[in-house]
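Asks: Give the three-dimensional model of this entry:
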Amino acid sequence: MKKKPGRPSDQAKRQAILDAASQLFFEDGFAATSIEQVAADAGVSKVTIYNQFGDKRALFTAAVERECEKMRDYFSIDATREGTIRERLQEVGEGMIAFLSRPEMVQFERRIAAETEVEPAIGHAFLDAGPWRMKQAFSVFLKHANETGELVVDDTALAAEQFAALCKGMGDLDQRFGRVVTPQDRARRIEGAVDVFLAAYAPHSIASAD
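Replies: Okay, the predicted model is just below:
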C-alpha cells in the first residue's frame, strides 16, 4: 500500500510562514499586514502562527532577521577569508549597498519609518532585528582583522558605523528621495570608502601596499 504523505513539519510550516510574512511586510508594511493574510498565503492556520511566533511583532522581527541574514553572510569571517583586507572590505561594501539599495528595501524602510511615528516599538524592533545585528556581525569581522594585524581598530563598533556611512554616503539619501543612483556612482563611492577606511585603520605598510 502506498504510504500517504505526512503532514508538513514544523520547520516547513515556519519557513512557509516566514516566506509569506516577509513578502507582505516588505510590500505592504507592518500595519497593513494581517496575521489572517499571512496564514492564508502560507497555507496554515492563525493558531499555527501564534504557536510558532507568539504575536505579530515577533513574526515581524523574525522576518526582518531572516532577510538580514542574507546581508550578514558578507560579514562572515569564513566567507571573507580569501583576498587582501582591501578586497574583502570592497566585497563587504558592495554586498551592503546592493542589499540596501534594492527597491523593496527602500520602500520597506520608508513604510517602517512612517509606522514608527505611530508606534515607536516597530522602529525599535526593526533596528534590533536588522541594522544593529548587521553592525554586530561586521564588528566581529573587524575584530578578527584587528587580531590578525590587518587593521588597527580600538572601537570596532564605531568603525563598523563609519564604514557603512562612508559606503552609503549621500547616495543613500538620494535614493530614498527618488533620485537615480547609477552603478558607477555606487562603485566610486565604495572604492573611496575603502580608501578612507584603510587610511584610518590599516597599518601603514598595508595601507601603502594596497
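
Asks: Now do the longest helix along the chain: which elements does it pack against?
Replies: The longest helix of the chain (DSSP state H) is helix 156-176. The contact analysis (3 or more Cβ pairs under 8 Å, 6 or more residues apart in numbering; DSSP states H and E) places helix 156-176 against helix 85-100, helix 103-118, helix 131-147, helix 183-201. From N, CA and C alone the C-beta is placed, and that goes for glycine too.

Asks: Show me what the last one is in contact with.
Replies: Residues lying outside helix 183-201 but in contact with it, judged by Cβ atoms under 8 Å, 6 or more residues apart in numbering, are 85-86, 89-90, 93-94, 97, 101, 151-153, 159, 162-163, 166-169, 171, 206-207, 210.

Asks: can you count the residues close to E117?
Replies: 9 (other Cβ atoms under 10 Å).

Asks: With E191 instead?
Replies: The burial count for E191: 15, using other Cβ under 10 Å.

Asks: Any figure for the gap between it and Q184?
Replies: Distance of E191 to Q184, computed by Cβ to Cβ, to the nearest Å: 11 Å.

Asks: residue contacts, the spatially closest residue to S139 that is not a sequence neighbour?
Replies: Once flanking residues are discounted, S139 sits nearest to T156: 4.3 Å by Cβ to Cβ, 6 or more residues apart in numbering. With contact set as Cβ under 8 Å, 6+ apart, T156 has these partners: S139, V140, L142, K143, N146.

Asks: same thing but at 10 Å, please
Replies: Going by Cβ atoms under 10 Å, 6 or more residues apart in numbering, T156 touches K135, Q136, F138, S139, V140, F141, L142, K143, H144, A145, N146, Y201.

Asks: Please report phi then psi for V153.
Replies: Note on V153: its backbone torsions stand at phi -130, psi 120 [degrees, to the nearest 10].

Asks: swap that for D154, sorry
Replies: phi -80, psi -40.

Asks: Got the confidence number for the residue nearest the centre of the chain?
Replies: Closest residue to the average C-alpha location of the chain: C68 at 3.3 Å, with Cα atoms, centre = their mean. At C68, the pLDDT value in this model is 75.

Asks: Could you measure from it over to V118?
Replies: With Cβ to Cβ as the criterion, C68 and V118 are 23 Å apart.

Asks: Kindly report the same for L166.
Replies: Distance, L166 to V118, by Cβ to Cβ: 33 Å.

Asks: same deal with F126?
Replies: Distance of F126 to V118, given as Cβ to Cβ: 14 Å.

Asks: More neighbours: which of the two?
Replies: Legend: neighbour count by other Cβ under 10 Å for F126 and V118, higher for F126 (23 against 9).

Asks: check contacts around F60.
Replies: Contacts of F60 (Cβ under 10 Å, 6+ apart): A21, S22, L24, F25, F30, T33, F53, I112, I122, A125, F126, A129.
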